[in-house]
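Student: need the 3D shape of this:
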Amino acid sequence: MQKTVIEQESKYDILRNSAGELLFIIRARLTNEEKPTIIYDGGEHAILYRNSNNTIVLDYINPNVRQNLTKSTKVLVVEAQGSSIVREYFSSVKSVEKVPLPEIQTI
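Tutor: All right, here's what the predicted structure looks like:
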């Protein structure tokens, strides 16, 4: 059984188009996503569940996009390594009262 890896992503980009749709650009991971879901409460942090073995805490959501993220049901996620796109996928967005911030492991 594989251990769940919880990572902190503090350097990432969020882009918003004129329709208010969001694109997250994060560092590429070694594994593929499986039913990715972002959990968000409208505050500074969100959690991206990539798959059963990999969870990413997205630190410090920009105040300028918080309202759009709260209203979103899905966002586009791009995983990049340098200037190369490794994979892209849609992630559903689930609104919660409080994001359950897990203990973060440094890898």
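
Student: dump the residue contacts of the most centrally placed residue in the chain.
Tutor: The residue lying closest to the centre of the chain (CA atoms, centre = their mean) is residue 48, at 3.9 Å. Residue 48 makes contact with 9, 24, 26, 36-38, 55-56, 58, 77, 91, according to CB atoms under 8 Å, 6 or more residues apart in numbering. Every C-beta, even on glycine, is put in place using the N, C-alpha and C of the backbone.

Student: look at the nearest residue to it once chain neighbours are set aside and say how many residues are nearby.
Tutor: Excluding the flanking residues, the one nearest residue 48 by CB to CB, 6 or more residues apart in numbering is residue 56, at 4.4 Å. Neighbours of residue 56 under the rule other CB atoms under 10 Å: 24.

Student: so how far is residue 18 from residue 56?
Tutor: According to CB to CB, to the nearest Å, residue 56 stands 27 Å off from residue 18.

Student: where does this structure have low pLDDT?
Tutor: Where the chain drops to pLDDT under 70, the residues are 1-2, 103-107.

Student: in it, where's the longest strand?
Tutor: Of all segments of type strand in the chain, defined using DSSP state E, the longest is strand 84-95.

Student: now for it, which elements pack on it?
Tutor: Using 3 or more CB pairs under 8 Å, 6 or more residues apart in numbering; DSSP states H and E, the elements in contact with strand 84-95 are strand 37-40, strand 74-81.
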